[in-house]
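Participant: Sequence and computational prediction follow.
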Amino acid sequence: MTILNDYGWNKIHEENWKELNVGPKLQKCVPGRVTLEHKKMFRIVTEEGEWLSVCSGAFQYEATERKDFPAVGDWVAVEKMPGEERGIIHALLPRTSLFSRKSAGTAITEQIIAVNVDIVFLVMSMNKDFNARRLERYLVAAYDSGANPVVVLTKKDVCEEPLLYIEEAQNIALGAEVFAISNVTGEGIEALTVLLKDGKTAALLGSSGVGKSSLTNAICGGEMMTIQDIRGDDDKGRHTTTHRELVKIPTGGVLIDTPGMREFQLWENSESLDSGFKDIEALAGTCKFSDCQHGHEPGCAVQEALTTGTLPAERYASYLKLQKELAFLERKMDSAAKSAERNKWKKVTKSMRKHPSKKK
C-alpha cells in the first residue's frame, strides 16, 4: 500500500485490519486515514483516492461517546459510494495512541486532539509566551497519550538568550528531547524532520502564535498553512489554525497541526502525572516512610529538597495543583457516570409503565 505507507500505515495497522475485516458488511471496505474533520464529515485518504465521508447509520447508533467517532489521525474501514468520490465509514481500527484534554469551560467532557500519533511536538516560543507550568501540563498529557514527547522551542533567530530557555525546558522535560529552532533561518528543522522518517506521525501542540503553522510550512518546504504575526505588546499569538489537519511531508511521515489552545486542562489518568514529574517521583521514593505525605514527617526527601532549593517550590506547587485538578475531575466524572446510570433506569422504568406487558 504505497500511498497509505506515506501516511503512516505499518505492520500494526495491517494486523488490525486483518482482524477487523471479517464481517460481511466490511467486505466492500478499504482502509483509509482521516486527514480532516468538519461537522461530522471526514476527508479520508485511501489507495483509491480521497473521499469525503460520513459515518454509517449503524456506526452512529453504536457510538455512545465522542471517542467512539473518528478523529484526525484515525484509521477506518470505508466503503466508496457507487459513482461518487464519497465514502461511508463502517468501523474504526484500534488506536495506538490517543491525545486528548478536558474540553474548555465547565463541561466534564473529553476533547480529542489527535490519535495514532508517534510523537507529540510540544511547541513553545522563546519569548514572553514561554510558560513552564503550561509545559508541565503538555508533558503529562503527552505521556498519558502513549506518544513520545519532544519539546520544540521556536523563534531562536529573535531570542537574545536562547540557552536560558533551553536549560529551563530541559529541567522540566527530564529526559525528553529539546530542540531550539528558527522557522525563519531553518535552523533545527532538519533535525526534527529526521524524527519523522519511516512514516512516523507527529502532532503539534502549543498556544496561538508560537509558530506551529510556520513549523509545518518549514518542514513541508512550502506554504501548507496560513500564518499570522504575533501581537507586539505581549508576544501572544492570534489564532491561525482553526481546525485539525493531517498533512504528508515530502521526506516521509505526517504532521497533524492543531488550533492554538490558551487553556489546557488534563483529562483523566493521574498515573501519567508521575511521568511528567519524574524528579518528584524519585524523591518520594527515598522518603523514610513509604506512606509519607510530604508534609512534616521526619525523613521526608521532598521537603528536604524544597528546603535546599534542589526542588523549586513553583514546580512542586504545580505538581500539587495538577494532583488536585485530576482528583476533582475524577470525582466529577464518577458523579456524572452515576447520574447517567440513574437517568437510564428512570427512562427504562417509565417506558415499562407506558407499555406494560399484556396478560396472556
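Facilitator: It's in. Because the structure is predicted, anything quoted here is derived from the model rather than measured.

Participant: Quick one: the helices in the stretch 201-350 of the chain, in order.
Facilitator: Remark: helices assigned in the stretch 201-350 of the chain by DSSP state H, counting those that start in this stretch are 212-220, 273-276, 278-284, 301-308, 313-354.

Participant: dump the residue contacts of the closest residue to Ile3 other than its chain neighbours.
Facilitator: The shortest distance from Ile3 to any non-neighbouring residue, by CB to CB, 6 or more residues apart in numbering, is to Glu47 (5.1 Å). From N, CA and C alone the C-beta is placed, and that goes for glycine too. Listed by CB atoms under 8 Å, 6 or more residues apart in numbering, the contact set of Glu47 reads 1-4, 30.

Participant: do the same with Lys197
Facilitator: Going by CB under 8 Å, 6+ apart, the list of residues near Lys197 reads 251-253.

Participant: And the helices of the stretch 201-350 of the chain, which one averages the lowest pLDDT?
Facilitator: Least confident of the helices of the stretch 201-350 of the chain, judged by mean pLDDT, is helix 313-354 with a mean of 66.

Participant: now do the same end-to-end measure for stretch 79-96.
Facilitator: Stretch 79-96 has its terminal residues 23 Å apart, counting by CA to CA, to the nearest Å.

Participant: again with stretch 297-305
Facilitator: One end of stretch 297-305 sits 14 Å from the other (CA to CA).

Participant: what does stretch 152-163 give?
Facilitator: Terminal residues of stretch 152-163 are spaced 13 Å apart (CA to CA).

Participant: tell me the domain ranges of this protein?
Facilitator: 2-92, 98-257, 277-328 (automatic domain parsing).

Participant: Among these, show the one with the smallest mean pLDDT.
Facilitator: Among the domains of the chain, domain 98-257 carries the lowest mean pLDDT, a mean of 81.

Participant: Excluding sequence neighbours, find me the nearest residue to the residue nearest in space to the middle of the chain.
Facilitator: For the chain, Phe99 is the residue whose C-alpha lies nearest the centre (CA atoms, centre = their mean; 2.6 Å). For Phe99, ignoring the flanking residues on the chain, the nearest one in space by CB to CB, 6+ apart is Ser145 at 3.9 Å.

Participant: Provide a list of residues in contact with the one you found.
Facilitator: Taking CB under 8 Å, 6+ apart as the criterion, Ser145 is in contact with 97-100, 117, 120.

Participant: hmm, 6 Å instead?
Facilitator: 97-99 (CB atoms under 6 Å, 6 or more residues apart in numbering).
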